[in-house]
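Visitor: here's my sequence, what's the structure:
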Amino acid sequence: MGIRNSSFLSPIDPATFIVYGPTPDPSLVLSDALNEDVELNSLANRFAWISHEAPDLRLCSPGWFTLTFDERLEFQAPESLFLMCREKISQRASKFSVLVRQFLDLYLDFVWSQVSEYQTEISAAHASPEMFTFRDWIYSALLPLPEAKIFLPAELGTGNYEFAEIDIVFWHKGELIQYSAWSHPALNPAKIIADTINKRF
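Guide: Below you'll find the model as predicted:
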């Protein structure tokens, strides 16, 4: 189910390192990031390094995937770009993780349906020259990080590189929202979002 949980967030160390996607050894991703002097509150296509004050991770957050100029020209319709987002997110889940992939599909379907259902309200409340259509609001949806490995702070670990493995996590209002596909495989993401995020996309 979806759970608000900050138990992996250290009050001593303000940073949380999350590796996501199929990764045999998440410690190598962490080592690479440290060697590259990655800045705090960075999002990349394999990890997120965030502080307690970091803004929510959303589909519009920069870093988790990029498009070339030519690729951008190919995605004139919001539907096309959203399908690309779906593909990029799905690629971060192993093809053998059936329940995780199922949840991602249900979640993204739900987000799309919410934007359609509340088209009038969104258009009226969020009119902006930066948004061409109400569909652009879909990119404010929270970004799921599938197959997440959360680096354990020193007080929870043994001093070595240790990670807590979670099927899917979201970062929202300074907290990790966790979802275990194996514990609740039939739970609809609409209920998870309503119960844990209390936010309409």
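
Visitor: helices and strands of the chain: which one bottoms out on pLDDT?
Guide: Lowest by mean pLDDT, DSSP states H and E among the helices and strands of the chain is strand 2-5, with a mean of 42.

Visitor: next secondary structure after it?
Guide: strand 15-19 (DSSP states H and E).

Visitor: which strands or helices does that following strand pack on?
Guide: helix 26-35, strand 47-51, strand 145-151, strand 163-172 (3 or more Cβ pairs under 8 Å, 6 or more residues apart in numbering; DSSP states H and E). Heads up, the C-betas are built off the backbone N, CA and C, glycines and all.

Visitor: what lines up beside it in the sheet?
Guide: Note on strand 15-19: by DSSP bridges, its sheet partners are strand 47-51 (antiparallel), strand 145-151 (antiparallel).

Visitor: buried residues in the top helix by length along the chain?
Guide: The longest helix of the chain (DSSP state H) is helix 98-117. For helix 98-117, burial by neighbour count (16 or more other Cβ atoms under 10 Å) applies to 99-101, 103-104, 107-108, 110-112, 114-115.

Visitor: Ala164 contacts Pro153, correct?
Guide: No - in this structure, Ala164 is not within contact of Pro153 by Cβ atoms under 8 Å, at 10.4 Å.

Visitor: Arg86 in helix, strand or coil?
Guide: Secondary structure for Arg86, judged by DSSP: H, G, I helix; E, B strand; the rest coil, is helix.

Visitor: was I right about it contacting Leu108?
Guide: Yes - the pair Arg86 / Leu108 is scored as a contact, 5.3 Å apart, by Cβ under 8 Å.

Visitor: ok, back up a step: would CSV of the strands paired with strand 15-19 with mean neighbour count be doable?
Guide: Shown next, in CSV, are the strands paired with strand 15-19 (neighbours: other Cβ atoms under 10 Å):
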stretch, mean neighbour count
strand 47-51, 21
strand 145-151, 24
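
Visitor: so which of those strands gets nearest Phe82?
Guide: Comparing those against Phe82 with Cβ to Cβ, the closest turns out to be strand 145-151 (17.3 Å).

Visitor: what does that closest one rub up against?
Guide: 8, 16-23, 26, 30, 48, 57, 89, 92-94, 97, 100, 104, 161-171, 176 (Cβ atoms under 8 Å, 6 or more residues apart in numbering).

Visitor: okay, Ser140: pLDDT?
Guide: Confidence at Ser140, expressed as pLDDT, is 85.

Visitor: what's the distance between Lys149 and Cys85?
Guide: 22 Å (Cβ to Cβ, to the nearest Å).

Visitor: neighbours around the closest residue to Ser180 other than its chain neighbours, how many?
Guide: Spatial nearest neighbour of Ser180, excluding adjacent residues (Cβ to Cβ, 6 or more residues apart in numbering): Asp167 at 5.4 Å. Look at Asp167: counted by other Cβ atoms under 10 Å, it has 20 neighbours.

Visitor: contact partners for Asp167?
Guide: 97, 99-100, 103, 146-148, 178-182.
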